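**Student:** would you be able to build a 3D model of this:
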Amino acid sequence: GSWGAGPHPLCAAGVVSILRITLLALLGVTFVLLKVLQFYWEKKKIFKALEAFPGPPKHWLHGHNHMVRSELGSARVGLSQPCKVPVGMRRTRWGVRVPAPVPSYRRGLLHRECQDPKGDVPYKLIVPWIGEGLLVLNGNKWFHHRKMITPAFHYDVLKSYVTLMSNSVKVMLDKWDKKITEKKSVELFQDVGLMALDSIMKCAFSFNSDCQTERSVPEFPNPGKASAPVSPLILLTPGILSKFVFREDLGKMPYTTMCIKESLRLFPPVPAVSRQLSKPVTFPDGRSLPNLVLLRSDQMLTKWSLLLPQVFDPLRFSPENSAHRHSHAFVPFSAGSR
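**Tutor:** Okay, here's the model as predicted:
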């Protein structure tokens, strides 16, 4: 046929292809715009709710990220300038941070009837390190694992371990008695770690390894990390070792308990806990936050408005000083359902 008789088939196919590409591009742009609008309205809803909470001035784009600093050579993440308002929220790229000096907020976050899942961002970062255990699991899998290990931590079971752990501590103290006569410095970290390993082998495996006295056993410091900081803090604080020790205290050891709690206050093993709200939360003061908010409760910032909060003072946990303190002012690990 003639070229002028009608449109060429190749030209028609090209037009159809262009129309398809244009339509797909429009659909893609529309989808992206809808997602941007959805993100904008969700953030606007959260920011409007946060206006009810006092706090430091925030940037219109990145919130309080400019206040966050990371200390070189340290795992701690703090704020370059402390918030002067005792009750406040801070918005960062990791979500909404609940300052620890607000124990009522922390209680409202951790004690909820609904099961709020753990925040994805902070907990997923440690999965390659510790695996998918109770610390990072959620839902039915968490309940199943918790149900399996709960009998192992029953009080009646733990009572039988007291004598075994006491014997392990006695072996460690006997080693220190011998080292003291040599008038040399004593390295506490490795000895405390071996004592913890010895206790674990006896209690969990019914095996007497003699790891504290056998030199062929390799170093195993990890179990002692939780208890090793206690001894240096006691030794470095003037006046604590000069306290009177009474025989009736040996069975109760209230002062040792206070020392351990004060060590956990200064160096909490769990610096923060995170929850992704599945339902809106209302705090005791009437302020509310919507769902889909990532809340972090910073344990490391716990100060309770104390005098000299960075000073190691076990008497903060005496019965007299603890009587009027909020139940969630001291949460070194976590609380509620986890």
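
**Student:** and the end-to-end length of stretch 47-58?
**Tutor:** Length of stretch 47-58, first residue to last, CA to CA, to the nearest Å: 11 Å.

**Student:** start at 28 instead
**Tutor:** With the count now opening at 28, the last piece we talked about shows up as stretch 74-85.

**Student:** so which bits of it are buried?
**Tutor:** 76-77, 80, 82, 85 (16 or more other CB atoms under 10 Å). Every residue, glycine included, has its C-beta placed from N, CA and C.

**Student:** please apply the same query to stretch 207-219.
**Tutor:** 215, 218-219.

**Student:** ok, stretch 133-150 next?
**Tutor:** So stretch 133-150, judged by 16+ other CB under 10 Å, has buried residues 133-137, 139, 143, 145-146, 149-150.

**Student:** could you dump that stretch to PDB, C-alpha only?
**Tutor:** Extracted in PDB, the C-alpha atoms of stretch 133-150 (Å, rounded to 0.1, in the frame of the first residue of the first chain):
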ATOM      1  CA  ARG A 133       8.300   5.400  82.000                       C
ATOM      2  CA  ARG A 134       5.600   3.400  83.900                       C
ATOM      3  CA  GLY A 135       2.900   4.500  81.400                       C
ATOM      4  CA  LEU A 136       5.100   3.200  78.600                       C
ATOM      5  CA  LEU A 137       6.200  -0.100  80.100                       C
ATOM      6  CA  HIS A 138       3.000  -1.200  81.900                       C
ATOM      7  CA  ARG A 139       0.300  -1.400  79.300                       C
ATOM      8  CA  GLU A 140      -2.500  -3.900  78.800                       C
ATOM      9  CA  CYS A 141      -1.800  -4.200  75.100                       C
ATOM     10  CA  GLN A 142       1.400  -5.800  74.000                       C
ATOM     11  CA  ASP A 143       3.500  -3.100  72.300                       C
ATOM     12  CA  PRO A 144       6.200  -4.600  70.100                       C
ATOM     13  CA  LYS A 145       9.800  -3.600  70.600                       C
ATOM     14  CA  GLY A 146      11.100  -0.900  68.300                       C
ATOM     15  CA  ASP A 147      12.700  -2.300  65.200                       C
ATOM     16  CA  VAL A 148      15.600   0.100  64.700                       C
ATOM     17  CA  PRO A 149      17.500  -0.200  68.000                       C
ATOM     18  CA  TYR A 150      16.800  -3.900  68.600                       C
END
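
**Student:** quick one: mean pLDDT over that stretch.
**Tutor:** Across stretch 133-150, pLDDT averages out at 75.

**Student:** now swap in stretch 62-77 and tell me
**Tutor:** Averaging pLDDT along stretch 62-77 yields 81.

**Student:** same question for stretch 314-321.
**Tutor:** 74.

**Student:** swap in stretch 230-250?
**Tutor:** What stretch 230-250 shows for mean pLDDT is 71.

**Student:** quick one on the thing from earlier: any chance of the buried residues of stretch 207-219 in JSON lines, with distance to residue 171, pLDDT and secondary structure too?
**Tutor:** Putting those into JSON lines (distance: CB to CB, whole Å; pLDDT from 0 to 100; DSSP: H, G, I helix; E, B strand; the rest coil) gives the following:
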{"residue": "215", "distance to residue 171": "39", "pLDDT": "83", "secondary structure": "helix"}
{"residue": "218", "distance to residue 171": "38", "pLDDT": "89", "secondary structure": "helix"}
{"residue": "219", "distance to residue 171": "34", "pLDDT": "90", "secondary structure": "helix"}
